[in-house]
Each structure stands twice: as C-alpha cells, then as structure tokens.
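Trainee: coords please:
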Amino acid sequence: MKLYELQKLLIVVNHVNNKIEELNLNKNEVGIYLAILSYEEIDDINNLFSLIDYSLAQSKLLPYAEYYILRNLNVAIGKDKWRENIRYALENDSFEIVHRKVIDIELKQKIYNGVSFNLNIKDYSYSYGTFIAPVMNLGLIEDVYLHIIKKVLLSNNAKENISTTIQLSALFLNNLNTYEKLKQLFINTTKQNKYNLIFEIPESFINKYYENSLLYIKLFNEYGFDFGINSFIADSEDYQYLKELKPVFVKADKQYLLDTEQNINVLKIVLESLGIKLIATGVNNIEELDSLNKKEIRLISGMIVDKLD
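Mentor: Numbering: from 1, shown residues only. Predicted coordinates:
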C-alpha cells in the first residue's frame, strides 16, 4: 500500500472508531466493510456512486480485518450495467471455465483441477474476483452457479483421471431453492454421464448450518460426487465433525497455515488419521512455498503453481 493510501485509511478507521464510541456500540459485534477509492471533484456523481457501490460490495467478500482498494476503474460499473452484462452472459453462455491446478510439490504432479470462471463481454474479460460481488448484490448468485455447474457437468470430465473441484459459496448454498434445483440438475445430467467431481463447502457454512450441510453432502454422494471443505480456519477446535463428514480434502489459506503452529500440528495428525488431504491455497511465491514445505504441507494451489511448470 502506498503512503497516501495508508494515510487515508487511518483517517477513515479513526473516524469509524469515533462514531462507534459515540453510539456506544460493542466493537466486537459491529460488522464494518471498508473500501478505498480515489476520485476528482469533476467526476460525475452517478459514476462516483457506482465506484462506491462496487468497492463496498467487494469489501464484503474479504476476510475479517481486511479492506478493499479499487485500482481498476474498468470493473466499477453501475448495477444496471452489471445486471445487463450478467444476463447477457447467462443467455449467451459467455462464461469461460478456467482451471486452477492443485499440485503435489513432492511428487511434482497435478492432483486436482479447481474450477473458476471468467465473464467475457465483447472485448473485455472480467475475472471471478471482479464480478462475483455484483452477482451477489443483484441476487443472481443462484442463476450463475447453476449455469456454471451445468456447464462443468456437460463437459463430462470423467474421461480424465484427475478430479475437478468446484467451490460453492455460502450464499448460494443458503438459498432455499438451491437444494431442489441442484437435485433436478443432477437428475437431468447424470443419467448418461459419470464425473470425477468434488464440490467444496465453506467451513463457515458447515459450522453455522450443519444440518443443511449434511443434506447437501448426502445429495452429492447420492449422485456419485465427493465433497471437500474450503476456507478452513478451524472455527471450532473440536474436529469431531471432520470424523463424521470425512471430506476428501480440507483447503486452508497459506497465511493461516503459516501463522499458527501448535494447532496445525494437531490438525495434520487428525487429517492424516482420517485420510483427509490438507491443501494450502493462495501460495504465490517461492518463500511461501518453502515455508509450507518445512511444515511438511505438500499440496498447494495459487499463482506459484504456474511458475513451477
């Protein structure tokens, strides 16, 4: 972060903290989303509100104590334009499937293909991270995810020996209609084809909606799919649910794995005893790779993967 950006951030944080104290609110119970953007006095007010709306939507997707800085103004378009683009993509299949590899650095081989997707509109390609916040804000998360899942299912990836993994957002899973629509999609697409497919459920969703999670896992198993857990931060130190659910793998951000010591050793022992793989995500450079290797964490994903080919 540049110095002037840090100075602006500190001003905003101090202002927010003062307001919380004025209102006599409990800081531990107040959720605040923080985004930073630059503008000029001559900027069009409608465009400015579009920038603010987009930036705040992005900040809601970030982990606790993180903030969002808008750097690419091309993605900060208004809600109506986003709705138009997303509807166009759904009607014209303008979503592009891209794969993010998970590799075993010891065996030097790919073990999973992680699915992500881009939104291609005319001559511009929006990455998942730039358009998923507007998708959520517009209430189109169910439409988009069902479209992508169907697209992956119809690709018939059982011809590959390597499984494909799809991350499912908590917002998508928490929709009351999702379960029945997923079930109908599986009925319509799995009659003729078989798949090496693993659905990923966020740990936070499992902890908050355990019974609903069981329903989804049962549904996946019924149609021959496996499941894994992503965004793992050991919300609960009781790993009993891992023994009960037995996911294929657990995905945890590299920072969590590098910042904690004792809990990771316990976690690794539990996972190894259950035959559950541990995958470090967001590994972007050699230093992080080496640090994980010292902790004997061999399965990784992130930008560093492409540099190792």
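
Trainee: quick one, strands of the stretch 201-309 of the chain?
Mentor: Ranges of strands in the stretch 201-309 of the chain, per DSSP state E, counting those that start in this stretch, are 226-230, 249-253, 277-281, 299-300.

Trainee: would TSV of those strands with mean neighbour count be doable?
Mentor: The C-beta positions use only the backbone N, C-alpha and C, and glycine is treated the same way. Converted to TSV, those look like this (neighbours: other Cβ atoms under 10 Å):
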stretch	mean neighbour count
strand 226-230	22
strand 249-253	23
strand 277-281	23
strand 299-300	22
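
Trainee: out of the ones you listed, nearest to S204?
Mentor: Among the strands of the stretch 201-309 of the chain, strand 226-230 comes nearest to S204, with 9.8 Å by Cβ to Cβ.

Trainee: quick one: F186 and M303, what's the gap?
Mentor: According to Cβ to Cβ, to the nearest Å, F186 stands 33 Å off from M303.

Trainee: My error: substitute S94 in the last question.
Mentor: 25 Å.

Trainee: what do you get for I217?
Mentor: If you go by Cβ to Cβ, the gap between I217 and M303 works out to 31 Å.

Trainee: who has more neighbours, these two?
Mentor: I217 (20 against 11; other Cβ atoms under 10 Å).

Trainee: Would you mind stating the distance between E180 and I198?
Mentor: E180 sits 22 Å away from I198, going by Cβ to Cβ.

Trainee: For this structure, which segments count as helices?
Mentor: 3-22, 45-59, 79-92, 128-137, 141-154, 170-173, 178-189, 203-208, 210-222, 240-245, 254-259, 262-274, 286-294, 304-307 (DSSP state H).

Trainee: ranking the ones you listed by mean pLDDT, which is last?
Mentor: Least confident of the helices of the chain, judged by mean pLDDT, is helix 45-59 with a mean of 65.

Trainee: ok, back up a step: look at E180 and I198 and report which has more neighbours.
Mentor: I198 (22 against 10).

Trainee: Verify the contact between that one and L168 for me.
Mentor: No - using Cβ atoms under 8 Å, I198 is not in contact with L168; the gap is 10.7 Å.

Trainee: hmm, back to that, let me have the helices of the chain in JSON lines, adding distance to K108 as columns.
Mentor: As requested, the helices of the chain are exported to JSON lines (distance: least, Cβ to Cβ, whole Å):
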{"stretch": "helix 3-22", "distance to K108": "40"}
{"stretch": "helix 45-59", "distance to K108": "36"}
{"stretch": "helix 79-92", "distance to K108": "37"}
{"stretch": "helix 128-137", "distance to K108": "27"}
{"stretch": "helix 141-154", "distance to K108": "27"}
{"stretch": "helix 170-173", "distance to K108": "34"}
{"stretch": "helix 178-189", "distance to K108": "34"}
{"stretch": "helix 203-208", "distance to K108": "29"}
{"stretch": "helix 210-222", "distance to K108": "30"}
{"stretch": "helix 240-245", "distance to K108": "28"}
{"stretch": "helix 254-259", "distance to K108": "19"}
{"stretch": "helix 262-274", "distance to K108": "21"}
{"stretch": "helix 286-294", "distance to K108": "13"}
{"stretch": "helix 304-307", "distance to K108": "11"}
